[in-house]
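Asker: quick one, fold the following:
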Amino acid sequence: MENLGRVVLLMGGVSSEREVSLMSGEGVHKALVSKGVDVLKFDPKTDSLETLEKGGFDRAFIALHGRLGEDGTIQGVLNYLGIPYTGPGVTASAMAIDKDLTKRVWRSAGIPVPEGVMIDPKADDAVLEEAIACLGATGLVVKPAHDGSSIGVTKLAEPTVAALRKALEDAAGVRGDEVLVEEYIHGREFTVAVLDGRALPVIEIRAPEGDYDFNNKYFGDAVHYDCPAKLEDEAAATLGSLCERAFAAVGARGWSRIDALQRADGSFALLEINTSPGMTPHSLVPMAACAVGMDYADLCLKVLSLARCD
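Answerer: Numbers count the residues shown, from 1 in each chain. Here you go, the predicted structure:
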């Protein structure tokens, strides 16, 4: 524990995922304290950056999610201050927070992803009609391009221009960002944690009616998880390998979690990479780590031990 030095735990923040980040941070704080780590909580929303500059910290554990916490912003601050931090660096974080850019990079690396297009929520009806015609045969999924935790996501089983327009407005929120519209893949849902470049056991997510929304992710017990997933060994190995390649393709380091769907033909499509995964009681990286004999506190120590600056 002495080798880890004085640790600052970043949690909370100002993104739409603040509530989740606070839950993650509390869990990590309790775990690190139980292991004898000297750790101080830091919330960028309420605490001064002077605390980071003058705190004498040797490492930072980033439990922030979403904008300004997972997009390269705080990573840049920590680089400037010379404080090694958990998770990917500035470039990989900035790339991974952008779902469309991530998919472009993965596609160029030969990694399968859903078909999709970015749409301005103010686009005229002709643009929406074209998206429905090109992508909507099995439905559409409309999601913010830079948010996580399923916030602002709408699934349209039978898309119409009016329904797509409403979904775009919901996903764009107050910022009015462009929105990612993708084909609706009806299939089994999986997630894979990658720790130090290696995939942990695949987890299958079995949500009621396939609706793995914000509430089902973090509250209640309606969702069931299979860890390891009930997949043939070859299929599990294929998905794990794809996720390791996807992790490397964006230049990630430390840890991340990658979500995927399985098509009817058995092939996989990768959805997104989370470079600061949740550590709440319902979170999935601790579940995957447990499957290989690593408890929550030891996972926190492992992640912290991988802290680096760019």
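Asker: Gly136 and Ala157 touch, don't they?
Answerer: No: the criterion here is C-beta atoms under 8 Å, and Gly136 misses it with Ala157 at 9.8 Å. Where C-beta positions appear, they are placed from N, C-alpha and C, glycine not excepted.
Asker: more neighbours, those two?
Answerer: Gly136 (20 against 11; other C-beta atoms under 10 Å).
Asker: identify the residues contacting the residue of the chain most remote from its centre.
Answerer: Distance from the centre of the chain peaks at Ala126, with 32.5 Å (C-alpha atoms, centre = their mean). Ala126 sits next to no residue when contact means C-beta atoms under 8 Å, 6 or more residues apart in numbering.
Asker: what ranges do the strands span in the stretch 151-300 of the chain?
Answerer: For the stretch 151-300 of the chain, strands defined by DSSP state E, counting those that start in this stretch occupy the ranges 154-156, 179-183, 188-195, 198-199, 203-206, 224-226, 255-262, 268-274.
Asker: ok, back up a step: common neighbours of Gly136 and Ala157, please.
Answerer: Common neighbours of Gly136 and Ala157 (C-beta under 8 Å, 6+ apart) are Tyr184.
Asker: nearest residue to the residue sitting nearest the centre point of the chain in space, please, no chain neighbours.
Answerer: Closest to where the C-alpha atoms of the chain average out (C-alpha atoms, centre = their mean) is Asn274, at 2.1 Å. Distance criterion C-beta to C-beta, 6 or more residues apart in numbering; nearest residue to Asn274, sequence neighbours excluded, is Arg257 at 4.6 Å.
Asker: follow-up on the earlier one: can you list the strands of the stretch 151-300 of the chain in TSV and add mean pLDDT and distance to Phe42?
Answerer: Putting those into TSV (pLDDT from 0 to 100; distance: least, C-beta to C-beta, whole Å) gives the following:
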stretch	mean pLDDT	distance to Phe42
strand 154-156	94	34
strand 179-183	95	32
strand 188-195	97	24
strand 198-199	98	30
strand 203-206	95	30
strand 224-226	93	31
strand 255-262	98	20
strand 268-274	97	21
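Asker: which one of these lies nearest to Leu32?
Answerer: Distance to Leu32, taken as C-beta to C-beta, is lowest for strand 255-262 among these, at 15.4 Å.
Asker: mind listing the strands the closest one pairs with, and their directions?
Answerer: strand 188-195 (antiparallel), strand 268-274 (antiparallel) (DSSP bridges).
Asker: what about the residue nearest to Asn274, how many residues nearby?
Answerer: Number of residues near Arg257 (other C-beta under 10 Å) recorded here: 24.
Asker: beta partners for it?
Answerer: Arg257 forms beta bridges with Ala193, Asn274, as assigned by DSSP bridges.
Asker: against Leu271, how distant is it?
Answerer: Going from Arg257 to Leu271 by C-beta to C-beta, to the nearest Å gives 11 Å.
Asker: before we move on, the earlier item: kindly reformat the strands of the stretch 151-300 of the chain as TSV containing distance to Asp295.
Answerer: Output for those, formatted as TSV (distance: least, C-beta to C-beta, whole Å):
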stretch	distance to Asp295
strand 154-156	35
strand 179-183	36
strand 188-195	14
strand 198-199	18
strand 203-206	17
strand 224-226	17
strand 255-262	16
strand 268-274	21
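Asker: and of those, who's closest to Val20?
Answerer: strand 268-274 (11.0 Å).
Asker: let me see the contact set for the nearest residue to Leu231 once chain neighbours are set aside.
Answerer: Nearest residue to Leu231 in three dimensions, chain neighbours excluded: Val202, at 6.3 Å (C-beta to C-beta, 6+ apart). Counting by C-beta under 8 Å, 6+ apart, Val202 makes contact with Phe190, Thr191, Val192, Cys227, Pro228, Ala229, Leu231, Ala236, Leu239, Gly240.
Asker: swap in 7 Å and give it another go.
Answerer: Each residue near Val202 by C-beta atoms under 7 Å, 6 or more residues apart in numbering is listed here: Phe190, Val192, Pro228, Ala229, Leu231, Ala236, Leu239, Gly240.
Asker: ok, Val105 next?
Answerer: Val105 neighbours (C-beta under 7 Å, 6+ apart): Met95, Ala249, Val250.
Asker: still on that earlier bit, list just the one of the strands of the stretch 151-300 of the chain that sits closest to Ile119.
Answerer: Evaluated with C-beta to C-beta, these place strand 179-183 nearest to Ile119, the distance being 5.3 Å.
Asker: what's the angle between that closest one and strand 268-274?
Answerer: 160 degrees (axes from the mean of the first three to the mean of the last three C-alpha atoms, to 10 degrees).
Asker: what strands flank strand 179-183, and is each parallel or antiparallel?
Answerer: Per DSSP bridges, strand 179-183 is paired in its sheet with strand 116-119 (antiparallel), strand 140-144 (antiparallel).
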